[in-house]
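Peer 1: What follows is a protein structure lacking sequence information:
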């Protein structure tokens, strides 16, 4: 009887602990949304009507691509970078300038699992499989940029699709959802209080202070949310992954999306797969669709944050939808067309085999993709 009571007490305490952790996750998501609103308000306050002039250096798409890539590679979170971009757009950053930045964020986030794969470097066959599993994400994101950036430059189709989707939420008349956005109403008091706290410093200094505080709050909230969700969900995420991988591409893509939404990090999702590939538990073609789903799942943070920004709220939601549309179209076009479907897989297999033979190739690849190519893009942008 005593053992039964102890067991019931333990279960009750565990349930209370989980509920408390979920409540903390909800509070941190609330802070994240508030932080994005602060960035938008601070940016608008600091720049006034000169936002376009401030980002004139990034008006070239290559420069915007580099900013998104390098920022995400350094911060190691595309969710953080895209949330910051959403806040900047709300404050006046032109959507056209932000589009290449979110494309770059996709490239930058893939460095994490590439670095994780280096943990298998001592075992040749393991490293071959692990490095290929890590870099298939890189190649897919690079191919997406090669396909969609020229199309966006020529036709601006992503910008148009994003505008069309956001119009459903901020359209005219009674159909607009902007008038009864409860998330925005819930976060408005915090954002207004933060603005009031910096008013005494003047527009420029106060606006910059608000931006810095908002960015710091985004870092804090996403980091803590990530840690809590890993405790709560990673075990379940692994179960989903083991259940889904190998059951077909649709199941893999859906599961990759779901796991990434749960852990709020595509880097975490894709990094979970690297050891599985290295051990030989799954082959690259089984893991590949799961990686594609991770790209889609990582867009949730920006869409959520965009629902509550102040300032140019419709443009903020537009860039969030652009990021989502870009990743969905990447999957549809590259995976949907047979002649493109396995190009990232073949490129990753070749690179994995080459790197296993010569470890310096792996180092050269990381430096090239995340430093040399961005530098070359900046060089091209200065010429253009």
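Peer 2: Looks like it came in fine. If you're wondering where the values come from, they're calculated on a predicted model, not measured in any experiment.
Peer 1: Can you say which helix or strand has the closest residue to residue 343 other than its chain neighbours in it?
Peer 2: With Cβ to Cβ, 6 or more residues apart in numbering as the measure, residue 143 is the residue that lies nearest to residue 343, at 6.4 Å, once sequence neighbours are left out. For the C-beta atoms, the positions are set from N, CA and C on the backbone; glycine is no exception. Applying DSSP states H and E as the criterion places residue 143 in helix 124-155.
Peer 1: what's the burial count for residue 122?
Peer 2: If you count neighbours by other Cβ atoms under 10 Å, residue 122 ends up with 9.
Peer 1: quick one, phi psi at it?
Peer 2: Main-chain torsions, residue 122, degrees, to the nearest 10: phi -80, psi -20.
Peer 1: right, and the residue nearest to residue 343 touches residue 345 too?
Peer 2: No - counting by Cβ atoms under 8 Å, residue 143 does not reach residue 345; the two are 11.1 Å apart.
Peer 1: Averaged pLDDT, stretch 213-223. What do you get?
Peer 2: The average pLDDT for stretch 213-223 rounds to 74.
Peer 1: Likewise for stretch 12-22?
Peer 2: Here the average pLDDT along stretch 12-22 is 75.
Peer 1: again, but for stretch 279-294
Peer 2: The predicted model gives stretch 279-294 an average pLDDT of 85.
Peer 1: Could you do stretch 302-316 as well?
Peer 2: 75.
Peer 1: try stretch 165-178
Peer 2: Mean pLDDT, stretch 165-178: 60.
Peer 1: can you check stretch 323-341 too?
Peer 2: On average, the pLDDT along stretch 323-341 is 94.
Peer 1: which outside residues touch it?
Peer 2: With Cβ atoms under 8 Å, 6 or more residues apart in numbering as the test, stretch 323-341 has contacts from 82, 102-103, 105-106, 140-141, 143-144, 147-148, 158, 161-162, 165, 249, 253, 289, 292-293, 295-296, 298-299, 302-303, 343-344.
Peer 1: Generate a ChimeraX selection restricted to the buried entries among the residues you listed.
Peer 2: To isolate the buried members of those in ChimeraX, using 16 or more other Cβ atoms under 10 Å:
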select :82,102,103,105,106,140,141,143,144,148,158,161,162,165,249,253,289,292,293,295,296,298,299,302,303,344
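Peer 1: Could you pull out the helices in the stretch 1-150 of the chain for me?
Peer 2: 2-47, 51-54, 61-75, 78-90, 95-109, 111-117, 124-155 (DSSP state H, counting those that start in this stretch).
Peer 1: Kindly compare burial across these and name the winner.
Peer 2: Mean neighbour count, computed with mean count of other Cβ atoms under 10 Å, is highest for helix 78-90 among the helices of the stretch 1-150 of the chain, reaching a mean of 29.
Peer 1: Next, the angle from it to helix 95-109.
Peer 2: Angle of helix 78-90 versus helix 95-109, following axes from the mean of the first three to the mean of the last three Cα atoms, to 10 degrees, is 170 degrees.
Peer 1: ok now helix 78-90, how far from the chain's centre?
Peer 2: Distance, stretch centre to chain centre, for helix 78-90: 9 Å (Cα atoms, centre = their mean, to the nearest Å).
Peer 1: and the angle from it to helix 61-75?
Peer 2: Going by the same axes, to 10 degrees, helix 78-90 makes 130 degrees with helix 61-75.
Peer 1: OK, contacts around residue 202?
Peer 2: For residue 202, no contacting residues are found, by Cβ under 8 Å, 6+ apart.
Peer 1: about what we covered before: rank the helices of the stretch 1-150 of the chain by mean pLDDT and give me the bottom one.
Peer 2: The minimum mean pLDDT among the helices of the stretch 1-150 of the chain belongs to helix 51-54 (a mean of 50).
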